[in-house]
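S.K.: any chance you could fold what I've pasted below:
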Amino acid sequence: MEVDVAEAIKRRRMVRAYDTRSVADHVLAEVLDAARRAPSAGLSQPVDLLVLTEKPDREAFWDLAFPVRDGYDWPHLFDSPVVVVPLVEPAAYLRRYAQPDKAAAGLTNLDDWPVPYWWIDGGAAVQNLLLAAFGHGLGSSLFGLFVNEAEILRTFGVPPSHRALGGVTIGYGLREKAVASSPLARRRLADVVHQGRW
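M.R.: Next up is the predicted model:
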């Protein structure tokens, strides 16, 4: 399914309720590949994706990420057939910027980076993931890992050099379960853009 990029940006929403239908392997591969193609500083490519499609893996993940689910507002979030944990490796920047074509930048220590680009570049990969899912007629949602991040990563064999950006669910959304998480309206463009000066 092809969707215009502008349309996808306008219409994509966080989906927090899924049916249990699986996502075809070739569709999932295309969605994941969109994340791989995101920009990164110096082409450092710091992003890895832990992809959980097997039910026991997803259940182990949910038990750690949401240890208390009773009364949760979106119980069908946990029916998602795919959970992706996007990961970043800050040291990838040090390796890349130690190479001859980047060494003049002097970014030899993570503290040298005025902005931690691993989070920015990881965010770009997540946005690509969300938009690609929408483009294939799938729902998706980004959520935080507010508890047990280190234990989740250890459980799935992720090296300690990596950090999770959160989790992303992907699957077929339940339309009748659509509920906004906030009554807030999106800020107007005129309130966001400061042309020439603040």
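S.K.: now do the buried residues in stretch 42-50.
M.R.: Residues 42, 44-48, 50 are the ones in stretch 42-50 that count as buried (16 or more other Cβ atoms under 10 Å). In this view, the C-beta of every residue, glycine as well, is placed from N, C-alpha and C.
S.K.: so what's the model's average confidence on it?
M.R.: On average, the pLDDT along stretch 42-50 is 96.
S.K.: hmm, who's touching that stretch?
M.R.: 32, 35-36, 38, 40, 84-90, 92-93, 95-97, 102, 117-118, 121-122, 125, 156, 158, 162 (Cβ atoms under 8 Å, 6 or more residues apart in numbering).
S.K.: in strands only, show me the buried residues of stretch 42-50.
M.R.: Judged by DSSP state E, the subset of the buried residues of stretch 42-50 located in strands is 47-48, 50.
S.K.: save these as JSON lines, and put in distance to residue 166 too.
M.R.: Output for those, formatted as JSON lines (distance: Cβ to Cβ, whole Å):
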{"residue": "47", "distance to residue 166": "13"}
{"residue": "48", "distance to residue 166": "14"}
{"residue": "50", "distance to residue 166": "12"}
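S.K.: out of those residues, which comes closest to residue 186?
M.R.: Of all those, residue 186 sits closest to residue 47, with 26.8 Å by Cβ to Cβ.
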